[in-house]
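K.L.:
Sharing a model prediction with you, sequence too.
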Amino acid sequence: MAFEMKHVDQPPEENIEVWEELVNIKELVRTLLICSITILGCYFFAPKEPHKPLFFGLIGALIGFVLSQLIEKVK
């Protein structure tokens, strides 16, 4: 079993529990904003034909997920 030593002068991280996982609040808000912007951007720029806004919104969700994973590394 490995233990991680933290320096005393480091501020404590602000973590909350989401679905039994500890998540940093700042990273969570940042990734939610990224995903929201990409989803809404793709949705509103989609052609007004039937089903197109749905598909563009889903593509925006995938783009937001990939961007979030690139910006915030999984711990």
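P.N.:
Happy to help now that I have it.

K.L.:
which element is the spatially most central residue of the chain on?
P.N.:
Residue closest to the average C-alpha location in the chain (Cα atoms, centre = their mean): T31, at 2.7 Å. Per DSSP states H and E, T31 falls inside helix 25-44.

K.L.:
which strands and helices sit next to that helix?
P.N.:
strand 15-18, helix 52-71 (3 or more Cβ pairs under 8 Å, 6 or more residues apart in numbering; DSSP states H and E). Just so you know, the C-beta spots here come from the backbone N, C-alpha and C atoms, and that holds for glycine as well.

K.L.:
How many residues are close by the residue lying closest to the residue nearest to the centre of the chain once chain neighbours are set aside?
P.N.:
Of all residues not flanking T31 in the chain, S68 sits nearest, at 4.0 Å (Cβ to Cβ, 6 or more residues apart in numbering). When neighbours are defined as other Cβ atoms under 10 Å, S68 has 18 of them.

K.L.:
rewinding a little: please give me every residue in contact with the residue nearest to the centre of the chain.
P.N.:
Neighbour list for T31: S68, I71, E72 [criterion: Cβ atoms under 8 Å, 6 or more residues apart in numbering].
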